[in-house]
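In: what follows is a predicted structure for the sequence shown.
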Amino acid sequence: MDPSGIFPTSYRTDRRVVRTRWQAIALAVFMGLLLAAPYLASGRIIAVLNMMLISAVIAVGLQICTGYAGQINLGQAAFMGVGAYTASILASKTGMSFLLTIPLAGFAAALFGFLFGLTAARIKGFYLALTTIAAQFLFHFAVLNLPSSWMGGSNGITVPPAELFGFRIVGETSQFYMNLAVATIMIAGAFGIIRSRFGRAFVAVRDDDVAAGIMGINVAATKANAFLIGAFYAGVGGALWAYLIRFVGVDQFTLFNSIFFIAMIIVGGMGSIVGALVGVFVIRVIQEVIATVGPNIADSVSFLGGDIVFAGMNVILGGVIAGSMILEPKGLMHRWNILKSSFRIWPFPY
Amino acid sequence: MTAAPLAVRNATLKFGGVTALDDVSITVNDDELLAIIGPNGAGKTSLLNVTAGFYRPQKGSVELSGKDVTGQRVDQIARHGLARTFQGTHLFAGQTVVENIMIGRHMLMKSNVVQAFFQYGTVMREESEHREAAEEIIDFLEIEAIRNRPVGTLGYGLRKRVDLGRALAQEPSILLMDEPMAGMNSEEKEDLARFILDVREARKIPVVLVEHDMGVVMDLADRIVVLDFGRVIAEGTPEEIQKDPAVIKAYLG
């Protein structure tokens, strides 16, 4: 939002994402800090940032599918898995460059997502949620039961490192730059999509599909496209994951992970790309704190035993999510927007 | 002679044993404001829904500018140039006025997803062009001051105006309006009536108006079709309709 009293003078300026000089500076500083992060922060923090960047790509995809187009999707981790497996198989069996495997992983996941998007044309809400859970089980079933020479079965697949002009992208730092580059492209593209006619069509289908139809929007195709795009993001994220961990196994992509992605966009705020990023940050930080504090508690309060502490930590994480839904059901971005608009008109009440 | 913007021929629509429309034919001519009236349950809204593609008639056809669109999907019919406003409103409540009207431009825009992802400049140029058309409609409906307000925060009269604006943004060749005056006070009715007349006169878009307010209908319509129990019982100018004995018996009382 522009400061009070400043009005846009062209349609182009009226639609800008970055509207003021301060926002541009803030964005530049933020990107600068990210670029310099490997020189400023410890390896542990870079590892966390890597997880955040990958989660960000996947959560932004889910935000487009669920937050913008309103199609509940509990299969995002399965779509991520399809991407991860596609990249792993292509990289390990054909030696293809990551410049090809990452987009191909996206397309493979998009195809898988599109199949479930077709069901969204006919069913809504609760029933759609159940159908997307089926994506999880279908994925697990396929990986575990197809011949293990195809997808590695229960043994998983070991992934060779990504290579660019003979330089092997190994180690947290070089992978960080690869993830940062891909995430930046994907997030910038997401802004492009949601601000175009497609973003408006998604919102139209979410808010009122009867009216969307009479606007000349093909409702069924739009819903299927929402899944396609959401799954494409998951697939790209899955490929990055495969290159980061260098090993894929079926139990990395469970319903539990899907629910975490949902939690990220709920905590951050539905229907906002920045909200998805905020949600990823908040949830990953909480997870990281729990992972750090948990063992210490288990050590110092030994009579509790490790199992109870770890289970308890998940309860805390669940509590954070439930609490944010009670206290801030529209997400952190909603609160931020309220703060921003009251600052803009300060000292007047409206 | 060019084909009529809208022609419904011998439409019959049944819900189980109930006949909602029985062999109904209407033709809308260029620049015409046709009103459809009738008692509750006469089939007025059913006729609009058949025309817009929400229901498929068991018999009969719907033609838009000479093209048979019977049985096509709602969005395909919309792309053939049919727009409608709803009884009550079906606006996208969380979106601003501008965004609602821009959704009306969706089917006229051409960029694809890959362009939206990569080619910021091309897509933004198209956006600006269509935004100009949207602003022209905002200007026409005199809603400049509220263009950035979320529609959900607006009063009913203004919402109906945005609903009309969104339909106009589709650049339709025919506009259907389902009870636009319902629930409005007389000032809001006058405003909307003025806009409906302007739509016909300045924009040359023929209008089909389903309405219960007889004062409005008699003042605005060029021609009136009266439905009762799913059948057309009379058709003519407002003066003729007011004198028609069958209409007086069935409806005007």
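Out: That came through, no problem. Just so it is clear, the model here is predicted, and its values are computed rather than measured.
In: for the stretch 51-200 of chain B, what spans make up the helices?
Out: Ranges of helices in the stretch 51-200 of chain B, per DSSP state H, counting those that start in this stretch, are B:74-79, B:97-104, B:113-118, B:120-140, B:156-169, B:186-203.
In: deepest-packed of the ones you listed, please.
Out: helix B:97-104 (a mean of 25; mean count of other Cβ atoms under 10 Å in any protein chain shown). Yep, even glycine has a C-beta here, placed from its N, CA and C like the rest.
In: ok and it relative to helix B:156-169, angle-wise?
Out: 30 degrees (axes from the mean of the first three to the mean of the last three Cα atoms, to 10 degrees).
In: helices or strands up against helix B:97-104?
Out: Under the contact criterion of 3 or more Cβ pairs under 8 Å, 6 or more residues apart in numbering or on different chains; DSSP states H and E, helix B:97-104 touches helix A:197-207, helix B:120-140, helix B:156-169.
In: next, see if the shortest one gets close to chain B.
Out: Yes. Judged by Cβ under 8 Å from any Cβ of the partner chain, helix A:197-207 and chain B are in contact via A:197-201, A:203-204, A:207.
In: just to revisit the earlier point, could you export the helices of the stretch 51-200 of chain B to TSV, including columns for mean pLDDT and distance to A:Ala78?
Out: As requested, these are exported to TSV (pLDDT from 0 to 100; distance: least, Cβ to Cβ, whole Å):
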stretch	mean pLDDT	distance to A:Ala78
helix B:74-79	92	30
helix B:97-104	92	32
helix B:113-118	83	22
helix B:120-140	88	31
helix B:156-169	91	38
helix B:186-203	88	50
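In: let me have these in TSV, adding distance to A:Val301 as columns.
Out: Listed next are those as TSV, based on distance: least, Cβ to Cβ, whole Å:
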stretch	distance to A:Val301
helix B:74-79	62
helix B:97-104	54
helix B:113-118	51
helix B:120-140	55
helix B:156-169	60
helix B:186-203	68
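In: between those helices, which one is closest to A:Val82.
Out: helix B:113-118 (19.7 Å; Cβ to Cβ).
In: run the chain-centre distance for the closest one.
Out: 33 Å (Cα atoms, centre = their mean, to the nearest Å).
In: show me what that helix is packed up against.
Out: helix A:172-194, helix A:197-207, helix B:120-140.
In: looking at the ones you listed, which is closest to B:Ala182?
Out: Closest among those, using Cβ to Cβ: helix A:197-207, at 21.8 Å.
In: hmm, who's touching stretch A:200-217?
Out: A:64, A:68-70, A:194, A:219, A:222-223, A:226, A:271, B:52, B:73-75, B:78-79, B:83-84, B:86, B:90-95, B:99, B:102-104, B:106-107, B:166, B:170 (Cβ atoms under 8 Å, 6 or more residues apart in numbering or on different chains).
In: just the buried members of the residues you listed?
Out: Among the contacts of stretch A:200-217, those buried by neighbour count (16 or more other Cβ atoms under 10 Å in any protein chain shown) are A:64, A:68-70, A:194, A:219, A:222-223, A:226, A:271, B:52, B:74-75, B:78-79, B:83-84, B:86, B:90-92, B:95, B:99, B:102-104, B:106-107, B:166, B:170.
In: ok, the spatially closest residue to A:Gly199 that is not a sequence neighbour - contacts?
Out: Distances taken as Cβ to Cβ, 6 or more residues apart in numbering or on different chains place A:Ile193 nearest to A:Gly199, at 5.8 Å, with adjacent residues excluded. The contact partners of A:Ile193, by Cβ under 8 Å, 6+ apart, come to A:64, A:199, A:229, B:113, B:116-117.
In: likewise for B:Arg9?
Out: Applying Cβ under 8 Å, 6+ apart, the residues near B:Arg9 are B:25, B:60-63.
In: for chain A, what is the nearest residue in chain B?
Out: B:Met107 (3.1 Å; Cβ to the nearest Cβ).
In: please name the nearest non-neighbouring residue to that residue.
Out: A:Gly216 (3.1 Å).
In: low-confidence regions, chain B specifically.
Out: Where chain B drops to pLDDT under 70, the residues are B:1, B:253.
In: so which bits of it are right by chain A?
Out: So chain B meets chain A at B:52, B:73-75, B:78-79, B:83-84, B:86, B:90-95, B:99, B:102-107, B:109, B:111, B:113, B:115-118, B:120, B:123-124, B:127-128, B:131-132, B:135, B:166, B:170 (Cβ under 8 Å from any Cβ).
In: if we can go back for a sec, ok, the residue of chain B closest to chain A touching B:Ala169?
Out: No. Contact criterion Cβ atoms under 8 Å: B:Met107 and B:Ala169 do not qualify, at 9.9 Å.
In: for chain B, give me its nearest residue in chain A.
Out: A:Gly216 (3.1 Å).
In: next up, phi/psi of that residue, please.
Out: Recorded main-chain torsions at A:Gly216 are phi 80, psi 10, according to degrees, to the nearest 10.
In: count the residues that sit near it.
Out: Residues lying near A:Gly216 (other Cβ atoms under 10 Å in any protein chain shown) number 25.
In: could you do A:Asp307 as well?
Out: Neighbours of A:Asp307 under the rule other Cβ under 10 Å: 9.
In: now do the same for it: helix, strand or coil?
Out: Classification of A:Asp307 using DSSP: H, G, I helix; E, B strand; the rest coil returns helix.
In: for it, give its distance to A:Gly294.
Out: A:Asp307 sits 11 Å away from A:Gly294, going by Cβ to Cβ, to the nearest Å.
In: go on, A:Tyr177?
Out: 30 Å.
In: is it fair to say B:Asp23 lies in a helix?
Out: No. In this structure, B:Asp23 is strand, not part of a helix, as judged by three-state DSSP.
In: leaving out sequence neighbours, find the closest residue to it.
Out: B:Asn10 (5.2 Å).
In: also B:Thr12?
Out: B:Lys59 (4.1 Å).
In: how many neighbours does that neighbour have?
Out: 14.
In: show me the contacts for it.
Out: Contacts of B:Lys59 (Cβ under 8 Å, 6+ apart): B:10-12, B:23.
In: in ChimeraX, how would I select the buried members of those residues?
Out: Of the contacts of B:Lys59, the buried ones go into a single ChimeraX selection, burial set by 16+ other Cβ under 10 Å:
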select /B:11,12
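In: thought B:Ala7 was touching B:Ile26, still the case?
Out: Yes. In this structure, B:Ile26 is within contact of B:Ala7 by Cβ under 8 Å, at 7.5 Å.
In: low-scoring pLDDT stretches of chain A, where are they?
Out: Looking at chain A by pLDDT under 70, you get A:1-6, A:302, A:304-306, A:309-310, A:349-350.
In: nearest the geometric middle of it, what residue?
Out: Among the residues of chain A, the one closest to the centroid is A:Ala59, at 1.7 Å (Cα atoms, centre = their mean).
In: mind listing what it touches?
Out: Counting by Cβ under 8 Å, 6+ apart, A:Ala59 touches A:261, A:264-265, A:268, A:276-277, A:279-280.
In: at 7 Å what do you get?
Out: A:261, A:264-265, A:276, A:279-280 (Cβ atoms under 7 Å, 6 or more residues apart in numbering or on different chains).
In: export those to a markdown table and append columns for distance to chain B and neighbour count.
Out: Listed next are these as a markdown table, based on distance: Cβ to the nearest Cβ, whole Å; neighbours: other Cβ atoms under 10 Å in any protein chain shown:
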| residue | distance to chain B | neighbour count |
| --- | --- | --- |
| A:Phe261 | 21 | 28 |
| A:Met264 | 21 | 27 |
| A:Ile265 | 16 | 27 |
| A:Ala276 | 17 | 33 |
| A:Gly279 | 19 | 31 |
| A:Val280 | 20 | 26 |
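In: make JSON lines out of those and add secondary structure.
Out: Compiled in JSON lines, those are given as follows (three-state DSSP):
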{"residue": "A:Phe261", "secondary structure": "helix"}
{"residue": "A:Met264", "secondary structure": "helix"}
{"residue": "A:Ile265", "secondary structure": "helix"}
{"residue": "A:Ala276", "secondary structure": "helix"}
{"residue": "A:Gly279", "secondary structure": "helix"}
{"residue": "A:Val280", "secondary structure": "helix"}
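In: hang on, isn't A:Ala190 packed against A:Ile273?
Out: Yes. The criterion here is Cβ atoms under 7 Å, and A:Ala190 meets it with A:Ile273 at 5.3 Å.
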